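> pasting a predicted model and its sequence here:
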Amino acid sequence: MLAKRLLLVPVLAYVGWLVFAYEYHFIDGVNLLFHEGGHIFLALFGTTAHFLGGTLAQLFFPAACAFHFLQQRQFFETWLMGIWFAESLMNTARYLGDAQAQALPLVGGHIHDWNWLLSQWRLLDHCEAIASGLHFVAALLAVGCLVGAWMSTREDEEFQTVPG
């Protein structure tokens, strides 16, 4: 319990940085691996699924990890995976917001997923506004998960003090 609370100190700083100053960082390298794998697996379902597959895959894995911990009733870990999901959503927001400018480097240097998708959906001119909204939702999620993680340490304490 104490170890979990101590772990929350750097996690608090990390979430604050995500919310107010997010930039591409080491966790996004992991997200990128899942993202690229998603393109391969979902390409079987058509062009739209191929382009959307990267984002879906990078969001799927933190959600799957959270679900695993939830099934194990490891709530603290579930909340931490929620923070990873929120971070991945922020990464998605950054990529989505770049759809029109296409300034971010691409793996393979080919077609920008979100440029293609938003063009198909006739939303390309709104990419920055959509990205800002998505970042805001992700920020709320990250803060909510941080609070949930803190609350789960309090529940752990209560369970440990219950006699018998």
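Arrived safely.
> now the end-to-end length of stretch 108-115.
Terminal residues of stretch 108-115 are spaced 15 Å apart (Cα to Cα, to the nearest Å).
> return the set of buried residues in that stretch.
His112, Asp113, Trp114, Asn115 (16 or more other Cβ atoms under 10 Å). Where you see a C-beta, it was placed from the backbone N, CA and C, and this is true even at glycine.
> next one: stretch 142-160
In stretch 142-160, counting by 16+ other Cβ under 10 Å, buried: Ala142, Val143, Cys145, Leu146, Gly148, Ala149, Trp150, Ser152, Thr153.
> count of residues packed around Leu32?
The local packing of Leu32 (other Cβ atoms under 10 Å) involves 15 other residues.
> so which pair among the buried residues of stretch 142-160 is furthest apart in space?
Greatest spatial distance among the buried residues of stretch 142-160 (Cβ to Cβ): Ala142 and Thr153, at 17.3 Å.
> tell me, what residue is most central in the protein?
Ser88 (2.2 Å; Cα atoms, centre = their mean).
> what about it, distance to Met81?
As for Ser88, its distance to Met81 is 10 Å (criterion: Cβ to Cβ, to the nearest Å).
> hmm, back to that, would you format the buried residues of stretch 108-115 as a markdown table with distance to Val11 and secondary structure included?
A markdown table is the format used below for the buried residues of stretch 108-115 (distance: Cβ to Cβ, whole Å; DSSP: H, G, I helix; E, B strand; the rest coil):
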| residue | distance to Val11 | secondary structure |
| --- | --- | --- |
| His112 | 32 | coil |
| Asp113 | 29 | helix |
| Trp114 | 29 | helix |
| Asn115 | 34 | helix |
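> from those, which is closest to Gly46?
Nearest to Gly46 among those, with distances taken as Cβ to Cβ, is Asp113, at 14.1 Å.
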